[in-house]
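[1] Let's see this in three dimensions:
(one chain, ligands or ions: 2)
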Amino acid sequence: MKQRIAFIGGGNMGRSLIGGLIAKGADPSQLVVADPYAPTLQALQAQYNVQTVSNNADAVRDANVVLLAVKPQELRNVVSSLQEQILRTRPLLISIAAGILATDIQRWAGGLPVVRCMPNRPAMQGCGVTALYANELVTEANRALAEQILGAVGATLWVERETDMDTVTAISGSGPAYFFLLIEMLEAAGQSLGLSPDVARKLAVETAYGSGFMAHESSDSPATLRQQVTSKGGTTEAALKHLEANNVRAIFSQAVAAAAQRSAQLAKELGST
Ligand SMILES: NC(=O)C1=CN([C@@H]2O[C@H](COP(=O)(O)OP(=O)(O)OC[C@H]3O[C@@H](n4cnc5c(N)ncnc54)[C@H](O)[C@@H]3O)[C@@H](O)[C@H]2O)C=CC1
Ligand SMILES: O=C(O)[C@@H]1CCC=N1
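    Ligands and ions are numbered 1, 2, ... in the order given. Prediction:
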């Protein structure tokens, strides 16, 4: 069956998924995007030749998959206002919103099953990773369809406990930002030690790319790869000693815990009523 996917929200993540799907060969005529912000729609139309509409109900009309890519704060209104229509056409609902529980979305949708997932921005380049969660209302066919869509733009895995989605969000959903911060910090350090901005940026970005690629391809663990760079009495050891002495691991672990807590808090603030 030829899928027709309606994206509700064409912002950063909607665009990443659309860009990734089209780069992987999806037919733009299979995709429709709804967003109230006209410049977003114009940009998506110009770049990907997808159908764009300013009204969510128009996007959903002929869709067999509705991919909810609005901010968590918008989700309840968006889903509730589509309830009557989707109960007639019964598309598969896929939410990428941080925090919001599948059962809440399901209720706002009048009981339709929902696959909740957490992709990440590298989906745009086809190298994202998405964790998916489905409760008992979701059929095997629904699962397969969600996996097929998100699997087109990167790796996929299923989690069995919904609470794990908070941790997933903190690791891989937010994770690209941590790596971008590290690139920024390397770049700034290079500049403050006298490199030109261009040289510092290129060294930082290529090093991140090479290290990520190597970690992805290698059968060695990241710890082993790190040790292979670290010569006894050498330069890397000097840097790592400084980081360890300043509790970099504890700081990072607390930062990730803060993200996971925020995810759980979003569910409480915005759902379950
Ligand atoms: N940005 C990221 O890296 C990731 C974001 N997410 C989740 O994806 C969702 C979207 O996040 P972003 O794309 O970053 O936000 P964004 O703010 O870039 O995009 C949201 C889009 O929704 C549109 N919008 C607002 N109200 C709407 C409505 N009533 N109907 C239709 N569209 C509406 C906005 O105009 C905007 O274009 C969030 O729930 C977030 O938790 C998940 C994984 C990664
Ligand atoms: O920051 C956020 O809340 C979203 C979810 C994961 C990445 N961005």
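
[2] so how far is Val32 from Ala155?
    If you measure Ala155 against Val32 using Cβ to Cβ, to the nearest Å, the figure is 26 Å. For the C-beta atoms, the positions are set from N, CA and C on the backbone; glycine is no exception.

[3] Those two: who's more crowded?
    Legend: neighbour count by other Cβ atoms under 10 Å for Ala155 and Val32, higher for Val32 (22 against 13).

[4] Pairing partners for that one in the sheet, please.
    Beta-bridge partners for Val32, by DSSP bridges, are Ala6, Gln51.

[5] who are the neighbours in contact with the residue nearest the centre of the chain?
    Nearest to the mean C-alpha position of the chain, by Cα atoms, centre = their mean, lies Asn120 at 2.2 Å. Going by Cβ atoms under 8 Å, 6 or more residues apart in numbering, Asn120 touches 128-130, 154, 172-173, 175-176.

[6] and Val65, how many neighbours does it have?
    22.

[7] Just give the nearest non-adjacent residue to it, would you?
    Ile5 (4.5 Å; Cβ to Cβ, 6 or more residues apart in numbering).

[8] From ligand 1, how far off is the one you found?
    15 Å (Cβ to the nearest ligand atom, to the nearest Å).

[9] quick one: pLDDT of that residue?
    For Ile5, the model assigns a pLDDT of 96.

[10] Can you name the residue of this structure that approaches ligand 2 most closely?
    Nearest to ligand 2, among the residues of the chain, is Gly173, at 3.3 Å (Cβ to the nearest ligand atom).

[11] re the thing from before, count the residues that sit near the residue nearest to Val65.
    24.

[12] of all the residues in the stretch 151-273 of the chain, which ones are close to ligand 2?
    Proximity of the stretch 151-273 of the chain to ligand 2 (Cβ under 6 Å from any ligand atom) is limited to residues 169, 173-174.

[13] Could you tell me which of the residues you listed are located in helices?
    Among these, DSSP state H puts none in helices.

[14] Specify the local secondary structure of the residue located most distally from the centre of the chain.
    The C-alpha centroid of the chain is most remote from Gly233, which lies 40.0 Å away (Cα atoms, centre = their mean). What DSSP: H, G, I helix; E, B strand; the rest coil gives for Gly233 is coil.

[15] For it, which residues are in contact?
    Applying Cβ under 8 Å, 6+ apart, no residues qualify as near Gly233.

[16] can I assume Cys265 sits in a helix?
    If you look again at residue 265, you'll see it is Gln, not Cys. Yes: counting by three-state DSSP, Gln265 is part of a helix.

[17] Give me the distance between the nearest residue to Ser211 once chain neighbours are set aside and Gln47.
    What sits nearest to Ser211 in space, not counting adjacent residues and going by Cβ to Cβ, 6+ apart, is Leu225, at 7.8 Å. In this view, Leu225 and Gln47 are 36 Å apart by Cβ to Cβ.

[18] Now for the one residue in the stretch 151-273 of the chain that gets nearest to ligand 1: which residues touch it?
    The nearest approach of the stretch 151-273 of the chain to ligand 1 comes at Gly173, 4.4 Å away (Cβ to the nearest ligand atom). Gly173 sits next to 98, 118-120 when contact means Cβ under 8 Å, 6+ apart.

[19] and what of Ala59?
    Neighbours of Ala59 in contact, by Cβ under 8 Å, 6+ apart: 6-8, 32-34, 53, 66.
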